[in-house]
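J.: the following block contains a protein sequence and its predicted model.
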Amino acid sequence: MVVLVLLLFCWLLLFCWLLLLAWLLLVLVVVLVLVDWLLLSEVLVLLLLAWLLSVLVLVFVFVFVLVAWLLLLAWLLLVLVEVFVFVLVFVAWLLLFELSVLVDELVEVLPLLRVSVTVLLSVFVVIDEVWVLPPRTSLTEFSCA
């Protein structure tokens, strides 16, 4: 499901970029027609403008691909860290249950399980706040006036 949403988001982002590029191409064609009309068919000027247009399109495509890959890598890193923390806590739970079965002291293990769940949830909250959400306060709010 998450992969489907990510693919849909990428397609939507690609569509928006292509729409922006089409709009820029339309504006550039109008500018080229006006320049051609004003300069009475100066071929060198039109070739220079066409070359600048191709460079501009290549820069837009490069920036789009770079930003898309960086966003995808950041999201994958976030998922990997959360899965790693979840696996660590799950292994700790299994070890605690194994110890409780061996020692028959389930009552003493339950508070440890509660603490581990609290730690897991706090780690997820910190990861989501640091990597997903923007900061809520600025440093100037805490300065002494």
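T.: Perfect, I can see it now. On a predicted model such as this, the values are computed, not experimentally measured, just so you know.

J.: what is the least confident helix or strand in this structure?
T.: Lowest on mean pLDDT, DSSP states H and E among the helices and strands of the chain sits helix 106-131, with a mean of 68.

J.: element containing residue 67, please.
T.: helix 43-103 (DSSP states H and E).

J.: quick one: average pLDDT of that helix?
T.: Averaging pLDDT along helix 43-103 yields 75.

J.: by contact count, what packs against it?
T.: For helix 43-103, the packing partners by 3 or more Cβ pairs under 8 Å, 6 or more residues apart in numbering; DSSP states H and E come out as helix 2-39, helix 106-131. Where C-beta positions appear, they are placed from N, C-alpha and C, glycine not excepted.

J.: angle of the longest one against helix 43-103?
T.: Calculated by axes from the mean of the first three to the mean of the last three Cα atoms, to 10 degrees, helix 2-39 forms an angle of 170 degrees with helix 43-103.

J.: what is helix 2-39 packed up against?
T.: Partner elements for helix 2-39 (3+ Cβ pairs under 8 Å, 6+ apart): helix 43-103.

J.: and residue 57, how far from residue 114?
T.: Using Cβ to Cβ, to the nearest Å, residue 57 is found at 58 Å from residue 114.

J.: those two - which one has more neighbours?
T.: Under the criterion of other Cβ atoms under 10 Å, the comparison of residue 57 against residue 114 puts residue 57 first, with 14 against 10.

J.: and for the more buried one, nearest residue in space, chain neighbours not counted?
T.: Among residues not flanking residue 57 along the chain, residue 21 sits closest, at 6.5 Å (Cβ to Cβ, 6 or more residues apart in numbering).

J.: same question, residue 50
T.: Take residue 50 and drop its neighbours on the chain: the residue closest to it by Cβ to Cβ, 6+ apart is residue 32, 7.7 Å away.

J.: now residue 85
T.: In space, and not counting its chain neighbours, residue 85 is closest to residue 123: 5.2 Å by Cβ to Cβ, 6+ apart.
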